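Colleague: here is the input, now give the coordinates:
(chains A and B, ligands or ions: 4)
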Amino acid sequence: MSQTNPQPPVDYELQGDQMPDLHDESRRLMTICNACRYCEGFCGVFPAMMRQKTFTDQDLDYLANLCHGCNGCYYACQYAPPHEFAVNIPQTFARLRADTYRRYTWPSCLSGLFQKNGTLVSVLLALGIGLLLVLVNLFNPPEVVHGEHAGNFYAVIPHNVMAWSFGGVFMYAVGVLLFGFWRFRRDTAPGKPETPLSVAGATHDAMVMKYMGGGGVGGKMDGCNYPDESFSQIRRVFHQLTFWGFLLCFAATSVATIYHYVFGWEAPYDYNSLPVLLGTVGGIGLLIGPVGLIYLKHVADPNTQVGAQRGMDTGFLALLFLVSLTGLALLAWRETGYMGTLLAIHLGTVLALFLTLPYGKFVHAIYRYAALLRNRREQKS
Amino acid sequence: MAAAITARERGVKVLVLEAAPKDFRGGNTRHVRNIRYAHPAATDFVTGAYPVDEYYDDLLRVTQGNTDKELSRFLIEKSEDSADWMQAHGVKFQPPLSGTIGLDRTNAFFKGGGKQLLNAYYTVADDLGIDCRYEAEVVDMKIEDGVFTAARVKYQGAEHIVEARAIVIAAGGFQADTEWLKEGWGEAAEGFLIRGTGYNKGRMLRVLMDHGAQTAADADQCHAIAIDARSPKCDGGIATRVDCVIYSIMVNRQAQRFYDEGEDIWPKRYAIWGRLLAKQEDQIAYGIVDAKVNDLFMPSMYPPLKSDTIRGLAEQLELDPEALEKTVADYNAACRQGDNKDKEFTPGVLDGLSTEGLEPAKTNWAQPIDTPPYYGYPLKTGITFTYLGVKVDKEARVQFEGQGGRSVPAANIFAAGEVMSGNILGQGYAGGVGMAIGNVFGRVAGEGAARHVSN
Ligand SMILES: Cc1cc2nc3c(=O)[nH]c(=O)nc-3n(C[C@H](O)[C@H](O)[C@H](O)COP(=O)(O)OP(=O)(O)OC[C@H]3O[C@@H](n4cnc5c(N)ncnc54)[C@H](O)[C@@H]3O)c2cc1C
Ligand code: HEM
Ligand code: SF4
Ligand code: SF4
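Modeller: Ligands and ions are numbered 1, 2, ... in the order given. Here you go, the predicted structure:
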């Protein structure tokens, strides 16, 4: 009569992502939570869980990507380890999330890139910078590389070369990401069309980072339990700086592209032009946000974290920071003889960022957005 | 903790002795979900007013008048600022959500449950400079003529004598002491599961009783429900409850029914099933449902046993297959007879769909069990907490037996929570009263102790 017992099926201390059947473990936890439901006030996961009685693997992938790792349900859980039920949602879901990243990447033979991701990022970063420096010096005589060009990048790297190579890598990254999004959505929410409301709702939830705020009464956010047990908004603040910083830098590049192709206005742009302003503000966000997040990660309670994923998180954070730092440096010294070298270094970091975009932490954004969409859609019904 | 914080805020030195390790601190409070408190209007977390008089009437009804009426009224009036006090001490509530249906007007729900509440209290305690010691079990107290002078404490492998000018006892009931439970329940107590902490063994209650403290409520009075038989002996908490009863037939080890499963809507009769099961062989019974109704109640933590035939289910449940087949057949034959032919089966409300000529009858939701697969939920008595406790007054002072049976309040011994719940709960229960007793008398006790020490 004791067929299914509530004990964790495997050694709880098992490190890394190698935990055998993450779906089984997640299902075990969701079954306990669904009979308890004390945490329904924290985030979207528990109300979403309560809409069903049994959980397919796809449901669990969805719930894991809906979890924002606020840790509210870990510190509040009367069944958290060392209790024999050993309920630890944030850690288990973090593992399952990383697992979805691997399963939904394309081509699947590259899924291994999510392991030792920090190393991958560092290597590509070094290669990217090295490659650009070599190319710049190979195709230009020293007086051009080290000359002053009044901020004109295209004197060192012709515009067409820059646009086509980086555009190409970027389009590849976007293609892989969109394909992952489409497959994830197809599996976790088959045949369900989005509505204007679901899109608006999910976009809102992403923009304000709703579930990173911790639930609360009267529309207030009590804060999440990261990096430790006390309630705080600090992770949300740093993530918002990173998130909006990234979007602003992206917007800066987009505006510049429009300037170039639509209006025929060529770089360099003024310090008070739109692309430079967007890039500077975004860049500052991308300096502060990642540093803050790296610091928080450093002091975070290990019980809620997955040690093996540190590399992936930190690698991406470091990369964002470096892209921004080198970009701002380039802006500051663009009228000097360092411009050529700084440009090569900056573009090297950007190359590494683009190449690892679909094979690193960035992918969380697309699966999370898909999860937020399904959450909003089901909330409506 | 409410007592410790209140006393410390009045400037006295406080030491908290907790028998459990840090991870399991806070006893049954770790498992709670809500508090029933009086309030004049809706707030962000309750949907409407719950006036003192209504609360009082509810309490009289559930206890059938078996309560100290003056003290109950005092409790309810004092509960009016419980939620404010809790919020001021870091406790977070959640808005009325789907899972709170039925209690969303009268009870405030803690976001994340009791452990979050305790975490908040311990953080405040730490900030206030309260000394909290874990794995520190009080084993005895020195009491002379109703005056407490020192406690004997087991801590880090040694016994210590802790002297203090006042003591507040908030050490819970005695539900985790099976031998004591037997005084009220006989051998049946062996089969009980303890829903909450395994540290509430009633040691403090016993010491007080030995020193002549007066008591309230009987030894067999308690809150007990039906929980999954596969739950751990202790500390399984809320997740082990099973809500199948009203849509099922409940059979015992002999595969016989023994009570009207459809007496009233769930969870109104939730708490009688613990006592009903206690009277069955091995304190166990089995809820049998079919595929038609298995999705109508809260999912259970342990999956039910499942079979395409009643016989198969009986084998899995280790019941006599013939007996179970006969019970189900008799029950099915008694369904949908006479007046009941055309009544509609309606979940959630008393639909009046009852059996005809069956003993005991099932008076609502009685429809045949005929759609495989069939599911079986093994259930046992799960005891929440015991009511027998020390008598107290409005200052939460423990009452000792004086000359001629008079009550004499102790000068410096206070009690709060389960250990004195019998004053309020002679029998019966209404969800959320436990926390009200703990919070109100905790604060009163802390205040009294601080006053005594300062004088
Ligand atoms: C599963 C479950 C759900 C519940 N849900 C609710 C609810 O939603 N609402 C509600 O109002 N009530 C609920 N209750 C009842 C509620 O838990 C109790 O009424 C209330 O928590 C009692 O608080 P207390 O402080 O008296 O006891 P406890 O919270 O049990 O605290 C007693 C403490 O004393 C310690 N202790 C015991 N003996 C000693 C000793 N000798 N030395 C040192 N320390 C000792 C214990 O370790 C424990 O920490 C629930 C109970 C359970 C089991
Ligand atoms: C749909 C939009 C997004 C959502 C809902 C979202 C949500 C989250 C959440 C919940 C986390 C913490 C848990 C985890 O590590 O997975 C996180 C981490 C992170 N996010 Fe996002 N994010 C979004 C978009 C972005 C974007 C666009 C960026 C910037 C490029 C970004 C950068 C990061 C970084 C660097 C981390 C790691 C932080 C850490 O490890 O502490 N996110 N995100
Ligand atoms: S995390 Fe723990 S407290 Fe929260 S719903 Fe799940 S089992 Fe209940
Ligand atoms: S960690 Fe936070 S976001 Fe994730 S399930 Fe728990 S409460 Fe929700």
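Colleague: what ranges do the strands span in the stretch 51-200 of chain A?
Modeller: In the stretch 51-200 of chain A, no strands are defined using DSSP state E, counting those that start in this stretch.
Colleague: pull the number of nearby residues for B:E359.
Modeller: 8 (other C-beta atoms under 10 Å in any protein chain shown). Bear in mind the C-beta positions are built from the backbone N, C-alpha and C, glycine included.
Colleague: what about the host helix or strand of B:A108, near ligand 3?
Modeller: According to DSSP states H and E, B:A108 maps onto strand B:107-109. No: judged by C-beta under 6 Å from any ligand atom, strand B:107-109 and ligand 3 are separated, with a smallest distance of 12.4 Å.
Colleague: now what about that strand, what contacts it?
Modeller: A:41, B:33-37, B:43, B:45-46, B:83, B:93-94, B:96-97, B:100, B:103, B:431-432 (C-beta atoms under 8 Å, 6 or more residues apart in numbering or on different chains).
Colleague: stretch A:214-221 too?
Modeller: A:41-43, A:70, A:72, A:213, A:222-225, A:231, A:233, A:236, B:43-45, B:92-95, B:111.
Colleague: buried residues of that stretch, list them for me.
Modeller: A:214-217, A:221 (16 or more other C-beta atoms under 10 Å in any protein chain shown).
Colleague: how about stretch A:152-171?
Modeller: A:153, A:155-157, A:166, A:169-170.
Colleague: quick one: it to chain centroid distance?
Modeller: Distance of stretch A:152-171 from its chain centroid, counting by C-alpha atoms, centre = their mean, to the nearest Å, is 25 Å.
Colleague: can you give the domain ranges for the chain?
Modeller: Picking chain A for this. By the assignment in automatic domain parsing, chain A contains the domains A:16-103, A:113-378.
Colleague: actually, chain B is the one I wanted.
Modeller: Under the assignment automatic domain parsing, the domains of chain B span B:2-221+B:387-454, B:223-382.
Colleague: can I get these in CSV with mean pLDDT and distance to A:A300?
Modeller: Output for those, formatted as CSV (pLDDT from 0 to 100; distance: least, C-beta to C-beta, whole Å):
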stretch, mean pLDDT, distance to A:A300
domain B:2-221+B:387-454, 96, 17
domain B:223-382, 95, 27
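Colleague: distance of the residue of the stretch 101-250 of chain A found nearest ligand 1 from A:L197?
Modeller: Minimum separation of the stretch 101-250 of chain A from ligand 1 (C-beta to the nearest ligand atom) falls at A:V217, amounting to 17.8 Å. For A:V217, the distance to A:L197 equals 24 Å [C-beta to C-beta, to the nearest Å].
Colleague: how about B:T43?
Modeller: 29 Å.
Colleague: just the buried residues of the strand holding B:A108, please?
Modeller: B:107-109.
Colleague: ligand 4 contacts on the stretch 201-350 of chain A?
Modeller: So the stretch 201-350 of chain A meets ligand 4 at A:Y211 (C-beta under 6 Å from any ligand atom).
Colleague: residues of the stretch 201-350 of chain A that sit close to ligand 2?
Modeller: Counting by C-beta under 6 Å from any ligand atom, the stretch 201-350 of chain A sits next to ligand 2 at A:206, A:212, A:239, A:242-243, A:246, A:293, A:297, A:313, A:316-317.
Colleague: on that earlier part again, among B:T43 and A:L197, which residue is more densely surrounded?
Modeller: B:T43 (18 against 12).
Colleague: run through the residues that contact residue 65.
Modeller: This is for chain A. Contacts of A:N65 (C-beta under 8 Å, 6+ apart): A:97, A:100, A:184, A:364, A:367-368, A:370-371.
Colleague: hmm, what's the outermost residue in chain B?
Modeller: B:G338 (40.7 Å; C-alpha atoms, centre = their mean).
Colleague: excluding covalently adjacent residues, which one is nearest to it?
Modeller: B:E356 (5.2 Å; C-beta to C-beta, 6 or more residues apart in numbering or on different chains).
Colleague: run a quick neighbour tally on that neighbour.
Modeller: The tally of other residues near B:E356 (other C-beta under 10 Å) stands at 15.
Colleague: that older thread, just the contacts of A:N65 that are near ligand 2?
Modeller: Answer for the contacts of A:N65 near ligand 2 (C-beta under 6 Å from any ligand atom): A:364, A:368.
Colleague: as JSON lines, the contacts of A:N65 with neighbour count and pLDDT would be great.
Modeller: As requested, the contacts of A:N65 are exported to JSON lines (neighbours: other C-beta atoms under 10 Å in any protein chain shown; pLDDT from 0 to 100):
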{"residue": "A:R97", "neighbour count": "24", "pLDDT": "96"}
{"residue": "A:T100", "neighbour count": "24", "pLDDT": "95"}
{"residue": "A:F184", "neighbour count": "24", "pLDDT": "97"}
{"residue": "A:H364", "neighbour count": "17", "pLDDT": "98"}
{"residue": "A:Y367", "neighbour count": "24", "pLDDT": "98"}
{"residue": "A:R368", "neighbour count": "19", "pLDDT": "98"}
{"residue": "A:A370", "neighbour count": "26", "pLDDT": "97"}
{"residue": "A:A371", "neighbour count": "30", "pLDDT": "97"}
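Colleague: please tell me how far the longest helix belonging to chain A is from the chain's geometric centre.
Modeller: Counting by DSSP state H, the longest helix found in chain A is helix A:159-188. Between the centre of helix A:159-188 and the centre of its chain there are 15 Å (C-alpha atoms, centre = their mean).
Colleague: next: stretch B:345-353.
Modeller: Counting by C-alpha atoms, centre = their mean, stretch B:345-353 comes out at 28 Å from the chain centroid.
Colleague: then stretch B:266-275?
Modeller: Taking mean C-alpha positions (C-alpha atoms, centre = their mean), stretch B:266-275 and its chain are 12 Å apart.
Colleague: so does it get close to ligand 1?
Modeller: No: contact between stretch B:266-275 and ligand 1 is absent, the nearest approach being 11.3 Å (criterion: C-beta under 6 Å from any ligand atom).
Colleague: how far away is B:D295 from B:Y375?
Modeller: 10 Å.
Colleague: look at those two and report which has more neighbours.
Modeller: B:Y375 (22 against 12).
Colleague: for the residue lying closest to B:S248 once chain neighbours are set aside, give me the backbone phi and psi.
Modeller: Counting by C-beta to C-beta, 6+ apart, B:S248 lies nearest to B:G287, which is 3.9 Å off, once chain neighbours are set aside. For B:G287, the backbone dihedrals are phi -90, psi 120 (criterion: degrees, to the nearest 10).
Colleague: B:G287: how many residues sit nearby?
Modeller: By other C-beta under 10 Å, neighbour count at B:G287 equals 25.
Colleague: who does it form a beta bridge with?
Modeller: For B:G287, the beta-bridge partners are B:M250, B:Y377 (DSSP bridges).
Colleague: so it touches B:I246, yeah?
Modeller: No: using C-beta atoms under 8 Å, B:G287 makes no contact with B:I246, being 9.6 Å away.
Colleague: can you give me the helices in the stretch 301-450 of chain B?
Modeller: Counting by DSSP state H, counting those that start in this stretch, the stretch 301-450 of chain B has helices at residues B:310-317, B:321-334, B:433-454.
Colleague: closest to ligand 3 out of these?
Modeller: helix B:433-454 (16.4 Å).
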